[in-house]
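A.B. asks: Following is a predicted model, sequence given first.
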Amino acid sequence: MIHLVVPHGNCGGVYDFACRLQDAIGHDDVKLVSLSRENVSDWKVGVDDLAALQMSGYVFAKRGASLWLLRELEMRRKNIKTLGVFFHEIYAFGLPWISSF
């Protein structure tokens, strides 16, 4: 099973991209996991599963540093066969101390 991990909520470009990826791979093989700090304990992943984090920093955390997600993935890493990260919207602009950067 492939877990496509997306930010919580069923809207936005990252979620739409994950849905298209799920359609391309096949619904039987892919599970969309809508993850937030509040529901992370609901995510069940098996030792033979693959996880592909659809990373958009400011969506997982208001200021882009989703440390709760990092800690969660560190704890679960030994139980995930393969972990991949697809970075969305990595282009930064503006002043470094502004959250849009």
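C.D. replies: Yep, it's here.

A.B. asks: show me the contacts for the closest residue to residue 66 other than its chain neighbours.
C.D. replies: Spatial nearest neighbour of residue 66, excluding adjacent residues (C-beta to C-beta, 6 or more residues apart in numbering): residue 60 at 3.7 Å. For glycine as for every other residue, the C-beta is placed from the backbone atoms N, C-alpha and C. Residues near residue 60 by C-beta atoms under 8 Å, 6 or more residues apart in numbering: 7, 35, 66, 69.

A.B. asks: so what's the last one closest to, chain neighbours aside?
C.D. replies: For residue 69, the nearest residue in space outside its immediate sequence neighbours is residue 60; the separation is 5.3 Å by C-beta to C-beta, 6+ apart.

A.B. asks: Would you list the phi and psi of that neighbour?
C.D. replies: phi -80, psi -30 (degrees, to the nearest 10).

A.B. asks: what separates residue 35 from residue 95, distance-wise?
C.D. replies: Going from residue 35 to residue 95 by C-beta to C-beta, to the nearest Å gives 30 Å.

A.B. asks: These two: which is more packed in?
C.D. replies: Between residue 35 and residue 95, counted using other C-beta atoms under 10 Å, residue 35 has the larger neighbour count: 22 against 7.

A.B. asks: Enumerate every residue touching that one.
C.D. replies: 5, 6, 7, 8, 43, 60, 69.

A.B. asks: show me where pLDDT drops low in the protein?
C.D. replies: Where the chain drops to pLDDT under 70, the residues are 57, 63-64, 90-93, 96, 98-101.

A.B. asks: What are the boundaries of the helices in it?
C.D. replies: 13-25, 57-60, 67-76 (DSSP state H).

A.B. asks: ok now the second one, how far from the chain's centre?
C.D. replies: Going back to what we said before, that points to helix 57-60. With C-alpha atoms, centre = their mean, to the nearest Å as the basis, helix 57-60 stands 9 Å off its chain's centre.
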